[in-house]
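>>> Quick one, fold the following:
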Amino acid sequence: MQLTLRRTAALDLDASTMTMMNADDSPLAEAALRVGDRWSLLVVEALLVGPLRFNELQETVSGIAPNILSQRLKHLEREGVLTSRPYNQRPPRFSYELTAEGRDLAGALRLLATWGARRAGMAESTGHAACGTPLEHRWYCPTCARVVEEGEEVVLRFV
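Reported below is the predicted structural model:
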């Protein structure tokens, strides 16, 4: 499947594009199935700082019930997003940490968090820690060694 888009300030999808991007062949639908619910994203965010134990996760992800946290941890482990390591045998206790695949979600989570913060009026943008300047998120082509500008065609290939 190949989809050609023109990069614009807002993603404008017409009906034919929406029909092509259903749950069977959309990479976004696939990602949503794997980590798209609220609690899973918050668990991944919490684990970006490093390994945490169940109780630490429950404290970090405020409002999550223990049974929901347990379900999400099992689901994310099945999806290869995190791994559990036993630290106590009796009773069995585990610490949880992101896999390389789970750490790959960091960039997407930062973009979602920035988008959510702007919508909630909480912040303008993610800032550079060294100088405080708002960061810009851009598409970059490493082969051409240049930023893809608005208005340029972008080809998304899904195999």
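>>> going forward, measure contacts between C-alpha atoms and count neighbours the same way
Noted.
>>> So V148 sits against Y140, correct?
Yes. V148 is within contact range of Y140, at 5.7 Å (criterion: Cα atoms under 8 Å).
>>> more neighbours, the two?
V148 (15 against 12; other Cα atoms under 10 Å).
>>> Just the pLDDT at the more buried one, thanks.
We have a pLDDT of 88 for V148.
>>> The one 10 residues further on too?
The per-residue pLDDT reported for F158 equals 61.
>>> Next: A32.
Taking A32 on its own, its pLDDT is 84.
>>> start at 81 instead
I'll keep to 81 as the first residue from here, and by that count the last item is A112.
>>> Let me know the secondary structure of it.
When classified by DSSP: H, G, I helix; E, B strand; the rest coil, A112 comes out as helix.
>>> residues contacting L156?
114-115, 120, 162 (Cα atoms under 8 Å, 6 or more residues apart in numbering).
>>> Just give me the closest of these to S150.
S120 (10.7 Å; Cα to Cα).
>>> is it true that that closest one touches Q151?
No. Between S120 and Q151 there is no contact under Cα under 8 Å: 9.6 Å.
>>> Name the residues contacting each of those two.
By Cα under 8 Å, 6+ apart, no residue touches both S120 and Q151.
>>> of those two, who's got more company?
Neighbour totals were compared for S120 and Q151, and S120 leads with 20 against 13 (other Cα under 10 Å).
>>> And for the more buried one, nearest residue in space, chain neighbours not counted?
R152 (5.9 Å; Cα to Cα, 6 or more residues apart in numbering).
>>> Point out where this protein drops to low pLDDT.
Counting by pLDDT under 70, the chain contains low-confidence ranges at 81-105, 203-205, 237-239.
>>> No more questions from me, cheers.
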